[in-house]
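Chemist: here is the input, now give the coordinates:
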Amino acid sequence: MFRRRSLAVGIAGVTGALSLLAGSATAQAGLGWSPVPEANPKKPGLTTPNELSPQLTDVVRAQGSMEVENPTDGVGYYGYDSVDDNPPLMPVLPATTEAHKTEPDKNTYLDFKKSQPGPDADYDYGTHFLFQGHESGTPGYVSRVNLDADQAHRVTIMSTKDADGSALPDFDGSTWDPFAKKLLFTAEAGCSGGVWQGAARWSPDLALTDISGSLGRAGYEGIETASDGSVWLVEDTGGSTDSDKAKNANSYVYRFVPADPSDLTSGKLEVLQVLRGDGTPMDTKADTYGQDLKDLHSYGTSFRTRWVTIHDTATDGTEPFCATTLADAQGGTEFKRPENGVFRPGTGFREFYFTETGDTNKDSKANDQYGGWGGVFRLTQKSPSADTGKLSLAFRGDEGHTGLDNLTFASRDDLLVVEDAGDTLHTQRNALDSGFVIDVSQDRPSAPRFLAEGRDPSATIDSALGDAHTSGFDNDGDNEITGIHVSDGDPTVKGLLGTKVPHLFQDGWRMFWTQQHGDNVTYEVVPSH
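Modeler: Residues are numbered from 1 along each chain as shown. Below you'll find the model as predicted:
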């Protein structure tokens with residue numbers, strides 16, 4: 001049986017380390033993390049370790065080649081569609097065949113205080129868990145990383161099926177809704193995407209339910225629940241690319257207002273609309289180099305917003321519908337690939353921040369003035385239920401800070417944002433992805449680097465195979481930072497992310513991230529002392 005003494009010792013050690021860090025003469029302002037000076041370079045054949053601020057270090061909690069305890073539907077490893085190394089996890093030369101990588105994505109951490117069940121009825125799985133959807137492969141599935149368990153019981157497959165018995169889609173985003181008491185997962189698949197919900201308690205026949213009849217189908221990725229029970233959704237649907245390498249804005253931000261917060265199968269879906277100074281809705285999709293896009297990506301500007309209802313189950317029924325199509329028809333404001341959003345803690349859910357990935361191409365003519373580098377937006381409202389608010393640019397991207405994707409607050413003011421710039425831009429700027437700290441209390445904040453992601457051997461091989469256009473090769477190349485997540489794991493309504501101000505490495509607050517692609521490693525970040 002599993003014993004908890006080692007976990008208690010570990011937490012005590014982390015707390016003690018934090019005390020040393022707080023008193024260190026070298027600690028910096030804010031979080032106390034010294035910046036990492038440069039991103040790691042991208043070079044053919046070069047593997048590079050990750051580099052964190054010297055006050056931090058990584059602990060591996062799960063990696064792609066770790067066998068799951070309950071192989072299901074061809075998924076035998078944490079990050080591969082393979083059973084018993086068939087297909088092989090790495091190419092066996094001279095062949096270049098390797099197993100498909102499932103790419104664990106956004107992390108959701110929960111501490112249930114009571115032990116949870118798993119496939120082994122005689123094993124104590126502990127109380128601390130990371131839940132993830134997987135972004136690639138067939139079937140899609142949900143995994144649970146059992147943080148208190150030994151390696152043989154570390155990873156559990158939660159589900160590969162929906163309530164109809166069909167294979168789950170690939171999932172990108174995830175969150176815990178304490179009102180509905182459900183895990184929510186998003187499928188970033190355009191008008192075939194949507195939201196699925198399921199229990200966080202393992203059972204042998206656990207299935208997820210498609211709730212796209214109320215929340216709609218779209219390229220959803222980011223998903224968060226507010227204190228009023230509303231569900232906020234951020235869509236990443238890439239627009240067309242012009243001859244100047246610029247993408248048109250083609251994605252929306254949504255809010256779902258349930259009729260009953262404990263039941264997400266009925267309610268209203270709304271889209272965010274941004275207004276010009278004269279009160280008319282912006283049209284950011286019509287002109288990739290238009291004034292609306294330029295204004296939206298300018299510091300010092302603020303625009304009134306309103307929520308526009310695009311679907312109401314009370315009048316429109318519960319058949320699945322394409323939210324993107326309705327958002328376009330109802331005058332929603334398009335953004336350049338927004339991906340994830342979070343509420344700023346300690347603000348009563350009156351501030352919502354979301355990233356915009358942008359064009360991820362150094363040659364885009366929209367980069368400098370029209371949002372090609374992306375950034376971070378701030379939406380402020382009198383309450384999460386308010387129908388109106390104001391939108392402003394919290395951080396404007398540039399060549400060294402772009403492809404912004406996952407984000408999480410590590411304190412009231414310190415927003416951690418990580419890149420997914422992509423292989424093309426990695427090559428163009430000779431720099432792999434990074435993670436940054438943005439102080440949102442500043443008007444034009446800098447973004448010191450706390451993480452310079454490297455490239456593991458698997459990703460280095462994949463990058464070479466992809467560059468060589470190897471026949472049949474379908475895995476991604478360079479590693480990507482995803483799943484940056486700070487949470488104390490509180491599953492109650494009082495623990496809803498955004499309610500409490502984080503005290504990182506204290507009082508149960510923990511930090512995780514996933515080095516997607518390649519070896520698909522999920523790390524916990526702890527103090528280095």
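Chemist: quick one: end-to-end distance for stretch 83-91.
Modeler: 15 Å (Cα to Cα, to the nearest Å).
Chemist: just how off-centre is that stretch within its chain?
Modeler: 28 Å (Cα atoms, centre = their mean, to the nearest Å).
Chemist: same check on stretch 461-477?
Modeler: Distance of stretch 461-477 from the chain centroid (Cα atoms, centre = their mean) equals 25 Å.
Chemist: tell me which residues of it come out buried.
Modeler: Within stretch 461-477, the residues scored as buried using 16 or more other Cβ atoms under 10 Å are Ile461, Asp462, Ser463, Leu465, Gly466, Asn475, Asp476, Gly477. Placement of C-beta: from N, CA and C, glycine included.
Chemist: got the contact list for that stretch?
Modeler: For stretch 461-477, contacts defined as Cβ atoms under 8 Å, 6 or more residues apart in numbering pick out 42, 44-45, 90-91, 96-98, 100-101, 103, 136, 423, 455, 459, 478, 516-518.
Chemist: which stretches of the protein form helices?
Modeler: Using DSSP state H, the helices found in the chain span residues 5-22, 212-215, 291-296, 313-316, 323-329, 422-429, 457-467.
Chemist: report the rounded mean pLDDT for stretch 471-488.
Modeler: Here the mean pLDDT over stretch 471-488 is 92, rounded to a whole number.
Chemist: make that stretch 508-523, sorry
Modeler: According to the model, stretch 508-523 has a mean pLDDT of 97.
Chemist: now swap in stretch 37-47 and tell me
Modeler: The predicted model assigns stretch 37-47 a mean pLDDT of 96.
Chemist: still on that earlier bit, and of the buried residues of stretch 461-477, the nearest to Gln291?
Modeler: Of all the buried residues of stretch 461-477, Asp476 has the smallest distance to Gln291: 36.5 Å, by Cβ to Cβ.
Chemist: against Gly374, how distant is that closest one?
Modeler: Remark: distance between Asp476 and Gly374 (Cβ to Cβ, to the nearest Å) = 20 Å.
Chemist: repeat that for Phe450.
Modeler: Taking Cβ to Cβ, one finds Phe450 at 19 Å from Gly374.
Chemist: repeat that for Thr424.
Modeler: Per Cβ to Cβ, Thr424 is found 15 Å from Gly374.
Chemist: these two: who's more crowded?
Modeler: Under the neighbour definition other Cβ atoms under 10 Å, Thr424 and Gly374 were set side by side, and Gly374 has more, 30 against 13.
Chemist: what's the nearest residue to that one if we skip its chain neighbours?
Modeler: Gly358 (2.9 Å; Cβ to Cβ, 6 or more residues apart in numbering).
Chemist: count of residues packed around that neighbour?
Modeler: 28.
Chemist: can you report how many residues lie near Thr313?
Modeler: A count of neighbours around Thr313, defined by other Cβ under 10 Å, yields 18.
Chemist: which ones are touching it?
Modeler: Taking Cβ under 8 Å, 6+ apart as the criterion, Thr313 is in contact with Gly213, Ser214, Ala259, Thr265, Ser266, Gly267, Lys268.
Chemist: tell me what the last one is bridged to.
Modeler: In this case it means Lys268. According to DSSP bridges, the partner residues bridging Lys268 are Val257, Asp312.
Chemist: what's the spacing between it and Phe343?
Modeler: For Lys268, the distance to Phe343 equals 20 Å [Cβ to Cβ].
Chemist: related to what we said a few turns ago, could the buried residues of stretch 461-477 go into JSON lines alongside distance to Ser392?
Modeler: Output for the buried residues of stretch 461-477, formatted as JSON lines (distance: Cβ to Cβ, whole Å):
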{"residue": "Ile461", "distance to Ser392": "44"}
{"residue": "Asp462", "distance to Ser392": "39"}
{"residue": "Ser463", "distance to Ser392": "38"}
{"residue": "Leu465", "distance to Ser392": "43"}
{"residue": "Gly466", "distance to Ser392": "39"}
{"residue": "Asn475", "distance to Ser392": "39"}
{"residue": "Asp476", "distance to Ser392": "34"}
{"residue": "Gly477", "distance to Ser392": "36"}
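Chemist: and which of the residues you listed is nearest Thr408?
Modeler: Each of these was scored against Thr408 by Cβ to Cβ, and Asp476 proved nearest at 22.9 Å.
Chemist: what about the closest one, distance to Val521?
Modeler: Where Val521 is concerned, Asp476 sits at a distance of 14 Å (Cβ to Cβ).
Chemist: check Leu264 too.
Modeler: Distance check for Leu264 against Val521: by Cβ to Cβ, it reads 33 Å.
Chemist: same check on Pro41?
Modeler: Taking Cβ to Cβ as the criterion, Pro41 is separated from Val521 by 20 Å.
Chemist: residues contacting the residue located most distally from the centre of the chain?
Modeler: Residue distances from the centre of the chain (Cα atoms, centre = their mean) peak at Pro94, which lies 36.6 Å from the mean C-alpha position. The neighbourhood of Pro94, defined by Cβ under 8 Å, 6+ apart, contains no residues.
Chemist: how close does it sit to Glu356?
Modeler: With Cβ to Cβ as the criterion, Pro94 and Glu356 are 44 Å apart.
Chemist: Leu451 contacts Glu51, doesn't it?
Modeler: Yes. Using Cβ atoms under 8 Å, Leu451 is in contact with Glu51, at 7.4 Å.
Chemist: any shared contact partners between these two?
Modeler: In contact with both Leu451 and Glu51: Val36, using Cβ under 8 Å, 6+ apart.
Chemist: tell me the spacing between the nearest residue to Leu326 once chain neighbours are set aside and Arg276.
Modeler: Among residues not flanking Leu326 along the chain, Ile310 sits closest, at 4.0 Å (Cβ to Cβ, 6+ apart). Ile310 sits 21 Å away from Arg276, taking Cβ to Cβ as the criterion.
Chemist: same check on Thr305?
Modeler: According to Cβ to Cβ, Thr305 and Arg276 sit 11 Å apart.
Chemist: go on, Val231?
Modeler: Val231 sits 28 Å away from Arg276, taking Cβ to Cβ as the criterion.
Chemist: Thr305 and Arg276: who's more crowded?
Modeler: For Thr305 versus Arg276, neighbours defined as other Cβ under 10 Å are more numerous around Thr305 (22 against 14).
Chemist: contacting residues for Ala200?
Modeler: Leu110, Phe112, Gln116, Phe129, Phe131, Trp176, Lys181, Lys182, Leu183, Pro491.
Chemist: let's go with 10 Å and repeat that
Modeler: When contacts are counted by Cβ atoms under 10 Å, 6 or more residues apart in numbering, Ala200 is found next to 108, 110, 112, 116, 129, 131, 142, 144, 158, 176, 181-183, 206, 491.
Chemist: which one of these is nearest Ala167?
Modeler: Each of the contacts of Ala200 was scored against Ala167 by Cβ to Cβ, and Val142 proved nearest at 12.3 Å.
Chemist: what are the bridge partners for that closest one, then?
Modeler: Applying DSSP bridges to Val142 yields these beta-bridge partners: Gly133, Ser159.
Chemist: state the distance from it to Thr160.
Modeler: If you go by Cβ to Cβ, the gap between Val142 and Thr160 works out to 8 Å.
Chemist: list residues touching both of the two?
Modeler: Contact criterion Cβ under 10 Å, 6+ apart; residues shared by Val142 and Thr160: Leu168, Leu206, Leu208.
Chemist: neighbours of the spatially closest residue to Trp373 that is not a sequence neighbour, just the number please.
Modeler: Sequence neighbours aside, Gly397 is the residue nearest to Trp373 in space, at 3.5 Å (criterion: Cβ to Cβ, 6+ apart). Counted with other Cβ under 10 Å, the burial measure for Gly397 works out to 26 neighbours.
Chemist: for the protein, which residues score under the pLDDT cut-off?
Modeler: Applying pLDDT under 70 to the predicted model, the residue ranges of the chain that meet it are 1-29.
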